[in-house]
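# Need the 3D shape of this:
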Amino acid sequence: MFDSPQYVVRSLISEGVVREADVTRAKEHASSHGVTLDEALVALGIVSGRRLAIERAKICEHPFVDLSHYEVDVSNTALLPRAVVDRHVAFPLFRTAGVVTVAILDPLNLSALDQLRQLLKVDVEPVIAEAEQLRTLIARAYGMAGARTAGSSAEEHELTTGDEPIVAAVNQIIVGAVESGASDIHINPDESSVHLRYRVDGVLSVTHGLPKNAHAGIVQRLKVMSKLDLTQTRKPQDGKFRFTHKDHAVDIRLSVIPTIHGENVVMRLLRSASAIKSLDQLLMPEDMTRAYEEAISKPHGMILVTGPTGSGKTTTLYTALSHINSPHLNIMTIEDPVEIRLPMIRQVQVNTEIGLTFAATLRSILRQDPDVVLVGEIRDDETAKIAVQAALTGHLVMSTLHTNDAISSITRLKDLGVPSFAISNSLLCAIAQRLVRRLCDQCATPCLPSAHVLTMLGISADRASTMRSSSGCQTCHGTGYRGRVGVYEMLRLTSRLRRLLDRDAPASDIATAAREEGMLTMLDDGIAKAMSGVTSADELMSVLATTDESRLAARAAA
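Model prediction:
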């Protein structure tokens, strides 16, 4: 059997990657914690699991594979018993021309390879993978595939009590989403298969599929966790539950809706209060950060954050609440739903079925002596008028609107029946925003965008020399991006703009005056972030091309 400590560690020492003192320390750790020397080296941060696997592959003269680049079919679990896979830490990746490629921890374990050949009844080509990646793949694949053994009857006892097959499948689905940083999980039944997708950094990506006959059981298990009606499969249902992973609680909102191929499931993974950033971490332009901090410190007035669903509006408002939160302020929120539970803040969940609408709740909250009120969204004229009135009578009101830019928030309030003079006297600022993906720092390199993109952005080639792009790596799962960042614009109501509003001037005149007074647009902020290497020009174009067409056209023409 291949002796990893003897050969791999010696090779790492000869290359100067590991020192003798490190090995001594790792041996002591291995002895006291009951792990192998390899595992101790990784646990102590002396060397990465990936480097160990690459070194092992070099010595064994077998290929190294990065499992993050593979979409492995879960049905491959049917090829080998779980006990054998766990014993040898091996998993069949794919089959071509009568040969099965097997990722294995120890390709020089000849008895293990002989057993795999006998079970698979074909020749085996071993490849080496990182130990942690391989063990995670095995756990997830067999966890999901195990659901097929639970049967397809929605009324079977094991589907609702927490017994292993279905529970393991559901747990692996959620754990996979948490560890990949997903915001949503989609379980989409088709005619002959079930698609599992995670939304990461705003983009849906396909992950390992699920067996069709496991779908009903998985849906039933999720309904049990969310305390929904198990017998109802013909109408939509919404629920929520809490899932614990590595001692961290994750709140999950569940939506189930019937389709022609079965119930479609979408789960939103809600962040905890610890995920709330500071104002500086929002990465607004410096002047805008100061202006936002000044606005949220005012004793009264209205602050609006605008943008489409999924543009980060709630994060921007929660960050403001976290910044001003103190025992000396009575802060109350009205939300649909409450996404993040904040300490010392009274949060109210809208429930239209019992008449607890935004407007009705806002009226009641104003009798609770609030200093600051967050209204999750201004959707109708009644809520708009009450919110503006509250801002005029000594309360700081924060809310969101669905508009394309900051200027349009004024037009939207007018459409909801709010008089111009009331907007002029209440509105402190309006922020519009979008989210763009951040380039992965591990694989981003300098890259000049195409001439067409530069023309559309109105940037010369010499000014674009600091721009970057990336091709993808293990850290970013091959996407080239990791995380997202906002691009912002802020409309501040100066005395000049208030006079225009009082005269009921058109939005175009207000926009012209705002730009003359130095207002930066989302496009301006996005270009600055692209030129500083935070995001790519292509990503900026894909996010802002449809919402900022007129501004892009103006830049290109200039």
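# can you give me the helices for the stretch 51-200 of the chain?
Along the stretch 51-200 of the chain, the stretches classed as helices by DSSP state H, counting those that start in this stretch are 82-88, 110-120, 131-145, 158-161, 164-180.
# outside of the third one, which residues touch it?
In other words, helix 131-145. If you take Cβ atoms under 8 Å, 6 or more residues apart in numbering as the criterion, helix 131-145 is touched by 38-39, 42, 49, 52-53, 66-68, 72, 74-78, 82, 85-86, 89-91, 103-105, 129, 168-169, 171-173, 175-176, 196, 208, 210-211, 214. Yep, even glycine has a C-beta here, placed from its N, CA and C like the rest.
# what does the first one give?
Defining contact as Cβ under 8 Å, 6+ apart, one finds that helix 82-88 is touched by 90-91, 104-106, 109, 112, 115-116, 119, 138, 142.
# In terms of helices and strands, where is Arg363?
According to DSSP states H and E, Arg363 maps onto helix 358-365.
# Output that helix in CSV, but only the C-alpha positions, please.
In CSV, the C-alpha atoms belonging to helix 358-365 read as follows (Å, rounded to 0.1, in the frame of the first residue of the first chain):
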residue,chain,number,x,y,z
PHE,A,358,-48.0,47.6,5.2
ALA,A,359,-50.4,50.6,5.5
ALA,A,360,-52.4,49.1,8.4
THR,A,361,-49.2,48.1,10.3
LEU,A,362,-47.5,51.5,9.7
ARG,A,363,-50.5,53.2,11.2
SER,A,364,-50.2,51.0,14.3
ILE,A,365,-46.4,51.4,14.5
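# Is Leu254 part of a helix or strand, or is it coil?
Leu254 carries the three-state label strand when classified by DSSP: H, G, I helix; E, B strand; the rest coil.
# Just list whatever residues bridge to it.
Gly239, Met267 (DSSP bridges).
# how far away is it from Ile166?
15 Å (Cβ to Cβ, to the nearest Å).
# Next SSE downstream of the helix or strand where Met456 lies?
Assigned by DSSP H and E, Met456 belongs to helix 451-457. Secondary structure here is assigned by DSSP H and E; on that basis, the next helix or strand after helix 451-457 toward the C-terminus is strand 468-470.
# Within the sheet, what are the partner strands of whatever helix or strand comes next after that next one, with directions?
Using DSSP H and E, the helix or strand that directly follows strand 468-470 along the chain is strand 481-492. With DSSP bridges as the criterion, the sheet partners recorded for strand 481-492 are strand 427-439 (antiparallel).
# Dump the partner strand to PDB, restricted to CA.
Once non-C-alpha atoms are left out, strand 427-439 reads as follows in PDB (Å, rounded to 0.1, in the frame of the first residue of the first chain):
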ATOM      1  CA  LEU A 427     -37.100  63.200   1.000                       C
ATOM      2  CA  LEU A 428     -33.500  63.300   2.200                       C
ATOM      3  CA  CYS A 429     -32.100  61.100  -0.500                       C
ATOM      4  CA  ALA A 430     -32.900  58.300  -2.900                       C
ATOM      5  CA  ILE A 431     -30.300  55.600  -3.700                       C
ATOM      6  CA  ALA A 432     -30.500  53.300  -6.800                       C
ATOM      7  CA  GLN A 433     -28.400  50.200  -7.000                       C
ATOM      8  CA  ARG A 434     -27.600  47.000  -8.800                       C
ATOM      9  CA  LEU A 435     -25.300  44.100  -7.800                       C
ATOM     10  CA  VAL A 436     -22.400  43.000 -10.000                       C
ATOM     11  CA  ARG A 437     -20.200  40.000  -9.500                       C
ATOM     12  CA  ARG A 438     -16.800  40.500  -8.000                       C
ATOM     13  CA  LEU A 439     -13.800  39.100  -9.900                       C
END
